[in-house]
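Enquirer: Only the shape, not the letters, is given here:
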């Protein structure tokens, strides 16, 4: 027998694929869906509203986390969510060929979002069960790298592939069907691979409802989070710090795709893929790495303001591009600098979220914080398309710059001394 049932396997055999499989669906649902609907002539207002609602599973996933423990094992959840994702992606690939594709594909994306959020819970839980504390610390960088590779694959390679197919075949729906269909097959392969490769940790067993109640005091976890000092300021920071970025996020992709006649840049799907692949994700990763180094050296209190400015000042680039509609060659460096600064700014945000998670419920507190963060990204996205259609791109991007200010103001009210002192001690 090629593979045998064992409680241990080399983490290199499954950690990379575990987090690649975590990243790909998230970016298909939240980025690639925009381009699919834009290519199929859905309006900006409809695209941003409906695709922003797809954030909801990541907002509320903490509420069904205990069910992952009660029913079956983390290992089984990983395998079967991979398999279910294959089914959802296959339905999406088929639906874009239909006349009523929008609501069928949107339903499939919705199911896929819940499956993806469930896979996140199971994968993170399995990671902690299958690896020793020392291995967890060592492989945390590896899992982050492969999550980023998933983003490069999805927002770069997959989009370029679909764009080239559209050009060569002259059939946009078919190009997306083939691109998403091949990704569905990949998830079938991942499910099979994980079936044979994932180890069987002895602690990976389903718990009874009574055990869950005893080990996860849900009400106590929630209440302890909201009893933290200056929690109102923290909540305002989480919801507003990325407000401008959240408004801009989906509209940036649609701005690249919209024709020059309606104020966009008139780029092809392949162009957008190359921008994401060559400068977007790489610059974001570099900014994140530098941000971590700077915070480690100087501390969050000294660096959070410069990083907040780095996050928001590049929004001016979009005002410039909306007014001048520059050539494609100028778009590349502007997007690269914007994404690099976004990586810097997000690092400060992520570090603060980790700093406020303390005590016996660190993991649960972080899940609550990331759920609130997802809500802060979802709500602005819901209204961004409608605002853009009313104001036009120049007016919309000016508004984005202005609405970034409240989030920066919240920094004045954060208990930065307290969180830094708690981490130092």
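Expert: In hand now; what should we look at? In this text the structure is predicted, and so the values were computed from the model without any measurement.
Enquirer: Now whichever helix in the chain runs longest: average pLDDT?
Expert: Counting residues, the longest helix in the chain under DSSP state H turns out to be helix 362-403. Average pLDDT, helix 362-403: 90.
Enquirer: which helices and strands sit right next to it?
Expert: Here helix 362-403 touches helix 44-53, helix 56-60, helix 218-226, helix 231-240, helix 243-257, helix 315-324, helix 328-355, going by 3 or more CB pairs under 8 Å, 6 or more residues apart in numbering; DSSP states H and E. (Glycine included, C-beta is placed from N, CA and C.)
Enquirer: next helix or strand past that helix?
Expert: Per DSSP states H and E, helix 362-403 leads on to helix 405-409 as the next helix or strand towards the C-terminus.
Enquirer: That next one - contacts with which helices or strands?
Expert: Using 3+ CB pairs under 8 Å, 6+ apart, helix 405-409 sits against helix 231-240, helix 243-257, helix 300-312.
Enquirer: Quickly find the element holding residue 174.
Expert: Assigned by DSSP H and E, residue 174 falls in helix 172-197.
Enquirer: give me the element the nearest residue to residue 112 once chain neighbours are set aside is part of.
Expert: Closest residue to residue 112 apart from its sequence neighbours, by CB to CB, 6 or more residues apart in numbering: residue 88 at 3.8 Å. Using DSSP H and E, the element containing residue 88 is helix 74-95.
Enquirer: Rounded mean pLDDT for the helix or strand just after that helix, please.
Expert: Going down the chain from helix 74-95, the next helix or strand is helix 101-130, by DSSP H and E. Averaged across helix 101-130, pLDDT comes to 91.
Enquirer: in helix 101-130, what's buried?
Expert: 101-102, 104-106, 108-127, 129-130 (16 or more other CB atoms under 10 Å).
Enquirer: Repeat that for stretch 88-99.
Expert: In stretch 88-99, counting by 16+ other CB under 10 Å, buried: 88-96.
Enquirer: ok now do the residue nearest to residue 112, which residues does it touch?
Expert: 108-109, 111-112, 115, 184 (CB atoms under 8 Å, 6 or more residues apart in numbering).
Enquirer: Roughly how far does it sit from residue 94?
Expert: Distance of residue 88 to residue 94, given as CB to CB, to the nearest Å: 11 Å.
Enquirer: again with residue 395
Expert: Look at residue 395 and residue 94: by CB to CB, they are 39 Å apart.
Enquirer: Likewise for residue 404?
Expert: In terms of CB to CB, residue 404 sits 40 Å off from residue 94.
Enquirer: now residue 87
Expert: Residue 87 sits 11 Å away from residue 94, going by CB to CB.
Enquirer: Next: residue 148.
Expert: Distance of residue 148 to residue 94, given as CB to CB: 30 Å.
Enquirer: Could you find the closest non-adjacent residue to residue 249?
Expert: residue 381 (6.6 Å).
Enquirer: from what I can see that neighbour touches residue 55, true?
Expert: Yes - between residue 381 and residue 55 a contact is recorded at 7.1 Å, counting by CB atoms under 8 Å.
Enquirer: one step back: greatest separation within the buried residues of stretch 88-99: which pair is it?
Expert: Within the buried residues of stretch 88-99, 88 and 96 form the most distant pair, 13.4 Å apart (CB to CB).
Enquirer: Scan the helices and strands of this structure for the one with the lowest mean pLDDT.
Expert: Least confident helix or strand of the chain, by mean pLDDT, DSSP states H and E, is helix 209-215 with a mean of 61.
Enquirer: returning to what we had before: can you list the contacts of residue 88 in a markdown table and add distance to residue 15?
Expert: As requested, the contacts of residue 88 are exported to a markdown table (distance: CB to CB, whole Å):
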| residue | distance to residue 15 |
| --- | --- |
| 108 | 29 |
| 109 | 27 |
| 111 | 27 |
| 112 | 23 |
| 115 | 21 |
| 184 | 23 |
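Enquirer: Return the member of those residues nearest to residue 236.
Expert: residue 109 (30.6 Å).
Enquirer: what bits of this protein have low per-residue confidence?
Expert: Scanning the chain for pLDDT under 70 picks out 1-8, 137, 141, 203-217, 359-361, 363, 419-425.
Enquirer: first vs last residue of stretch 223-232, how far apart are they?
Expert: Chord length of stretch 223-232, first to last residue, is 14 Å (CA to CA, to the nearest Å).
Enquirer: likewise stretch 200-220?
Expert: Stretch 200-220 end-to-end distance (CA to CA) = 31 Å.
Enquirer: Excluding chain neighbours, give the residue nearest to residue 309 in space.
Expert: Spatially, and ignoring its direct neighbours in sequence, residue 309 is nearest to residue 408 (7.5 Å; CB to CB, 6+ apart).
Enquirer: so the one you found touches residue 308, yeah?
Expert: Yes - using CB under 8 Å, residue 408 is in contact with residue 308, at 4.9 Å.
Enquirer: which of these two has more neighbours?
Expert: For residue 408 and residue 308, the more surrounded residue by other CB atoms under 10 Å is residue 308, and the numbers stand at 22 against 19.
Enquirer: what residues are up against the more buried one?
Expert: Per CB under 8 Å, 6+ apart, neighbours of residue 308: 241, 345, 348, 407-408, 411.
Enquirer: please redo it, this time with the cut-off set to 7 Å
Expert: Shown in contact with residue 308 (CB atoms under 7 Å, 6 or more residues apart in numbering): 345, 348, 408, 411.
Enquirer: Ranking by neighbours, what's the top pick from those residues?
Expert: Tallying neighbours with other CB under 10 Å puts residue 345 at the head of the contacts of residue 308, with 26 neighbours.
Enquirer: Show the contacting residues for that one.
Expert: With CB under 7 Å, 6+ apart, residue 345 has these contacts: 307-308, 310-311.
Enquirer: again, only using 8 Å
Expert: Contacts of residue 345 by CB under 8 Å, 6+ apart are 245, 287, 291, 307-308, 310-312.
Enquirer: now swap in residue 257 and tell me
Expert: Each residue near residue 257 by CB under 8 Å, 6+ apart is listed here: 35, 38-39, 264-265, 267, 269, 272.
Enquirer: And it, how close does it get to residue 108?
Expert: Residue 257 is 22 Å from residue 108, by CB to CB.
Enquirer: can you check residue 22 too?
Expert: Relative to residue 108, and taking CB to CB, residue 22 is found at 19 Å.
Enquirer: Likewise for residue 336?
Expert: Residue 336 is 34 Å from residue 108, by CB to CB.
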